[in-house]
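Visitor: Sequence first, then the predicted structure:
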Amino acid sequence: MEQPADGLSPEQEQALAKARKRVIEAIGNNMDLYGITQSTGHLYGLLFFQNKPMTLDAMGEAMEMSKTSMSTGVRTLVDLKMVNKVWEKGSRKDLYEVELDWFQTFADFFSLKWRKALDINLHALRKSKSELLELAGRFPDNEQLQAQLKADVAKMDEAVRYYMWLDRLIESFETGDIFQFIPKDVKPPRE
């Protein structure tokens, strides 16, 4: 049996497409963990299997979606550092490729999302604690108020303690130190 010019028979192409489609669908179905829509997850899966960068037009054609939808999805993926905008000599159009290092993708995503939440929550806790301490100073003789303020400040201090731990965890993702504790490479169990 003679092989076609691209090296794959129709049967081989069909088997390859089926395996890829299964992975693309699984990725799309689980991208909600990243706060990403299923269609954007499918776009990520499409880019994952490309051996060269793609334009928005090519993505739209492959996904049968509008250029606007592709643009929105790609922007989301670029913002999360899951897709990179690349330059190619001779091309006037923007080109995009997937970040193949999934360890880095997760570390970047985790750091981006949790760093933002950490900053917002720490600011709120510190501001509220300051206000409560000021309130305690204005009414030192109100035992009921003092007891409630003391309890609230203790809860806030415990929350700050957690966020300071979380800050160190985020930093371990940002620096890559996390991989000293949980190595990237482990031997898979025998099947």
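Guide: Yes, it's here. Numbers count the residues shown, from 1 in each chain.
Visitor: Pick out the residue nearest the middle of this protein.
Guide: For the chain, residue 109 is the residue whose C-alpha lies nearest the centre (C-alpha atoms, centre = their mean; 3.0 Å).
Visitor: neighbours of the closest residue in space to that residue that isn't next to it in sequence, just the number please.
Guide: Leaving aside its sequence neighbours, residue 109 sits nearest to residue 80 (C-beta to C-beta, 6 or more residues apart in numbering; 5.5 Å). All C-beta atoms are positioned from the backbone trio N, CA, C, and that covers glycine. Neighbourhood size, residue 80 [other C-beta atoms under 10 Å]: 19.
Visitor: Offset the numbering so it begins at 550, please.
Guide: I'll keep to 550 as the first residue from here, and by that count the last item is residue 629.
Visitor: who touches residue 629 in this structure?
Guide: Residues counted as contacts of residue 629 (C-beta atoms under 8 Å, 6 or more residues apart in numbering) are 583, 585, 654, 657-658, 661.
Visitor: could you redo these as a markdown table and give each row pLDDT and distance to residue 595?
Guide: Listed next are those as a markdown table, based on pLDDT from 0 to 100; distance: C-beta to C-beta, whole Å:
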| residue | pLDDT | distance to residue 595 |
| --- | --- | --- |
| 583 | 82 | 16 |
| 585 | 88 | 14 |
| 654 | 88 | 16 |
| 657 | 90 | 20 |
| 658 | 88 | 19 |
| 661 | 89 | 23 |
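Visitor: Just flag the most distant two among those.
Guide: Comparing every pair within the contacts of residue 629 by C-beta to C-beta identifies 585 and 657 as the most remote, at 13.7 Å.
Visitor: Can you read off the pLDDT for the residue located most distally from the centre of the chain?
Guide: In terms of distance from the mean C-alpha position of the chain, residue 690 ranks first, at 50.3 Å (C-alpha atoms, centre = their mean). As predicted, residue 690 sits at a pLDDT of 96.
Visitor: tell me the phi and psi of it?
Guide: Backbone torsions for residue 690, taken as degrees, to the nearest 10, come to phi -90, psi -10.
Visitor: try residue 598
Guide: phi -90, psi 0.
Visitor: To what extent is it buried, counted in neighbours?
Guide: Using other C-beta under 10 Å, residue 598 has 14 neighbouring residues.
Visitor: Give the buried residues for the longest helix along the chain.
Guide: In the chain, with assignment by DSSP state H, the single longest helix is helix 651-687. Buried positions in helix 651-687, judged by neighbour count with 16 or more other C-beta atoms under 10 Å: 654, 656-661, 663-664, 667, 671, 674, 678, 681, 685.
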